[in-house]
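Student: Build me a model from this:
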Amino acid sequence: MSDEKHPEERRCSVCGRTEKECGRLITVTDNLHICDECIEKSVNEVRSRPELQEFAKNMPHFSFLNLGDILGNAQTAPAKVPETPEVSYEMADVPTPHKIKEGLDRYVVGQDHAKKVLSVAVYNHYKRIIGAERIEKEEKELKKQKIPDPNRPKMVEIDKSNILMIGPTGSGKTYLVQTLARLLDVPLALTDATSLTEAGYIGDDIESVVSKLLANAGNNVKKAERGIIFIDEIDKLAKKKETNHRDVSGESVQQGLLRLLEGAEVEVPVGASSKNAMVPMRRVNTKNILFIVGGAFPGLEDIIRERLTRHSSIGFRADLKDRFDEDKDLILQVTTEDLRKFGMIPEFLGRLPIVCPLTALTEEMLMRILSEPQNAILRQYEALLAMDEVKLTFEEEALRSIASEAIRKDTGARALRSIIEAFMLDIMYEIPKDDSIGEVIITKEYVEKTGGPRILLRGHGG
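Tutor: Predicted coordinates for the structure are as follows:
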């Protein structure tokens with residue numbers, strides 16, 4: 001046996017870690033070994049240095065090359081990602097719209113119209129995928145037989161229907177999508193449109209949303225291609241009015257998203273957020289990915305109101321210009337014309353045929369959100385105190401006071417947790433000190449800071 005260094009004994013010549021610690025080493029010479037991470041850092045450093053920009057432009061894109069060919073060592077090729085198994089759906093796997101809505105009802109209060117729209121849209125989307133798979137299988141069988149059948153009826157191909165959700169902040173857009181993905185057991189990627197910029201500018205490029213979905217699908221391409229991508233704050237991409245410079249984070253991003261919404265093959269890195277030297281790449285087809293985009297669209301109700309009162313005139317049968325001022329559900333009357341006037345480009349809206357408006361939350365809805373859903377915040381606190389063998393009760397007037405405070409904050413359901421966290425802090429701190437406490441009753445006075453909670457000791461009924 002020779003005394004050659006074993007692979008596990010070799011160290012990276014840059015960072016000094018062993019092959020066991022940093023993974024496969026690239027052998028440049030007999031005495032020079034470099035790990036993937038150090039090569040990646042070196043390449044990124046060169047590309048980020050202003051004085052080396054000209055040199056960086058001429059650097060090869062290593063993710064498309066076999067480094068074994070460059071360095072003369074077969075070990076240096078980027079790790080191959082194993083092929084992922086096929087993922088197929090049958091109609092029995094897809095819950096019907098009423099089942100989807102029942103699932104959403106367990107977690108989300110109100111927004112019945114939005115739930116119905118989402119349930120039907122998602123059901124039809126997965127039926128479309130199943131229909132496309134059947135067509136593909138039939139075509140393969142016919143090619144094998146090599147016998148054309150002129151009498152065979154053509155199967156109808158169903159167009160893709162992405163969804164645009166419109167509603168004020170805190171109305172439940174993101175939570176609805178998260179619950180939907182959990183019910184369907186499909187991967188979900190969430191991102192903010194505000195972080196996206198046109199390719200070549202600072203910020204996430206448009207294809208990064210597909211990279212996030214692939215990561216959340218466990219790098220299973222077939223599973224990712226059946227997933228859901230939710231892009232929030234889409235209203236921030238509206239065309240800027242009266243601007244003379246290039247709108248790299250607005251209209252340009254709308255243009256860039258068109259091909260993803262329609263369906264395109266994109267090359268994304270596996271296990272990384274950006275394309276670089278030693279990261280393997282996979283091709284993901286967005287044709288069957290359901291895109292849901294959402295936004296608050298502030299000022300959209302004024303545009304709707306202006307359209308509805310445009311034909312107001314003088315006379316007994318004239319529409320009153322102020323008759324829509326108190327309409328809380330005005331957003332339900334939104335049209336594509338209103339969205340175009342807001343600043344969304346026609347091509348973008350054309351790829352979002354399903355518009356799903358959500359109404360602002362009322363005081364009654366906020367009270368129900370506190371206690372009714374399966375994971376309601378009050379149930380969470382009840383479970384926490386139950387571990388200390390203490391019962392937690394909220395008076396109805398206390399719930400109403402919390403809901404009123406949330407409406408004043410004007411951030412929807414998001415305000416509820418911050419309000420409850422504030423007044424529950426002292427209770428969660430003091431209760432574990434005293435083993436004699438059996439029940440805590442939250443009163444309106446305690447919520448409004450004009451009194452305290454009612455404390456019942458063990459073995460006492462009041």
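
Student: avg pLDDT for the helix or strand harbouring residue 37?
Tutor: Residue 37 is located in helix 36-48, with elements delineated by DSSP states H and E. What helix 36-48 shows for mean pLDDT is 71.

Student: again with stretch 289-308
Tutor: 90.

Student: starting at the chain centroid, how far to that stretch?
Tutor: 19 Å (Cα atoms, centre = their mean, to the nearest Å).

Student: which of the residues in it are buried?
Tutor: By 16 or more other Cβ atoms under 10 Å, the buried positions in stretch 289-308 come out as 289-297, 300-301, 303-305, 308. Where C-beta positions appear, they are placed from N, C-alpha and C, glycine not excepted.

Student: quick one: residue 17 and residue 35 touch, right?
Tutor: Yes. Residue 17 lies in contact with residue 35 (Cβ atoms under 8 Å); the separation is 6.6 Å.

Student: For the two, work out which one has more neighbours and name it.
Tutor: Neighbours around residue 17 and residue 35, counted as other Cβ atoms under 10 Å, are more numerous at residue 35. The numbers are 25 against 15.

Student: ok, which stretches of this protein are strands?
Tutor: For the chain, strands defined by DSSP state E occupy the ranges 25-29, 32-35, 163-166, 188-192, 228-232, 265-269, 281-285, 290-295, 354-357, 391-394, 437-442, 454-457.

Student: Of these, which shows the lowest average pLDDT?
Tutor: Across the strands of the chain, strand 25-29 gives the lowest mean pLDDT, at a mean of 74.

Student: just checking, what packs against it?
Tutor: Using 3 or more Cβ pairs under 8 Å, 6 or more residues apart in numbering; DSSP states H and E as the contact definition, the elements that strand 25-29 packs against are strand 32-35, helix 67-71.

Student: Same list (the strands of the chain) but as JSON lines, adding distance to residue 379.
Tutor: Listed next are these as JSON lines, based on distance: least, Cβ to Cβ, whole Å:
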{"stretch": "strand 25-29", "distance to residue 379": "53"}
{"stretch": "strand 32-35", "distance to residue 379": "49"}
{"stretch": "strand 163-166", "distance to residue 379": "26"}
{"stretch": "strand 188-192", "distance to residue 379": "24"}
{"stretch": "strand 228-232", "distance to residue 379": "26"}
{"stretch": "strand 265-269", "distance to residue 379": "39"}
{"stretch": "strand 281-285", "distance to residue 379": "39"}
{"stretch": "strand 290-295", "distance to residue 379": "26"}
{"stretch": "strand 354-357", "distance to residue 379": "28"}
{"stretch": "strand 391-394", "distance to residue 379": "10"}
{"stretch": "strand 437-442", "distance to residue 379": "14"}
{"stretch": "strand 454-457", "distance to residue 379": "20"}
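
Student: The closest residue to residue 167 other than its chain neighbours: what's it in contact with?
Tutor: Closest residue to residue 167 in three dimensions, ignoring its sequence neighbours and counting by Cβ to Cβ, 6 or more residues apart in numbering: residue 358, at 2.9 Å. By Cβ atoms under 8 Å, 6 or more residues apart in numbering, the residues touching residue 358 are 111, 114, 165, 166, 167, 168, 171, 172, 173, 176, 331.

Student: Of the residues you listed, which is the nearest to residue 122?
Tutor: residue 176 (10.9 Å; Cβ to Cβ).

Student: before we move on, the earlier item: which of the contacts of residue 358 are buried?
Tutor: Using 16+ other Cβ under 10 Å as the burial test, the contacts of residue 358 include 111, 114, 165, 166, 167, 168, 171, 172, 173, 176, 331 as buried.

Student: Narrow the residues you listed to those in helices?
Tutor: Judged by DSSP state H, the buried ones among the contacts of residue 358 include 114, 173, 176 as members of helices.

Student: Could you dump those residues into JSON lines and include pLDDT?
Tutor: Converted to JSON lines, these look like this (pLDDT from 0 to 100):
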{"residue": "114", "pLDDT": "92"}
{"residue": "173", "pLDDT": "91"}
{"residue": "176", "pLDDT": "92"}
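
Student: Is it possible to get a markdown table of the residues you listed that adds distance to residue 25?
Tutor: Listed next are those as a markdown table, based on distance: Cβ to Cβ, whole Å:
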| residue | distance to residue 25 |
| --- | --- |
| 114 | 54 |
| 173 | 48 |
| 176 | 48 |
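
Student: and which of these is nearest residue 442?
Tutor: residue 176 (28.5 Å).

Student: got the contact list for the closest one?
Tutor: 104, 108, 111, 114, 115, 118, 165, 358.

Student: and what of residue 395?
Tutor: By Cβ under 8 Å, 6+ apart, the residues touching residue 395 are 441, 442, 443, 444.

Student: State the pLDDT value of residue 117.
Tutor: 92.

Student: ah, wrong one, I meant residue 381
Tutor: Predicted confidence (pLDDT) for residue 381: 92.

Student: How about it, nearest residue that isn't a chain neighbour?
Tutor: Sequence neighbours aside, residue 392 is the residue nearest to residue 381 in space, at 5.8 Å (criterion: Cβ to Cβ, 6+ apart).

Student: State the number of residues packed around that neighbour.
Tutor: Count around residue 392 with other Cβ under 10 Å applied: 21.

Student: doesn't residue 383 make contact with it?
Tutor: No. Contact criterion Cβ under 8 Å: residue 392 and residue 383 do not qualify, at 9.1 Å.
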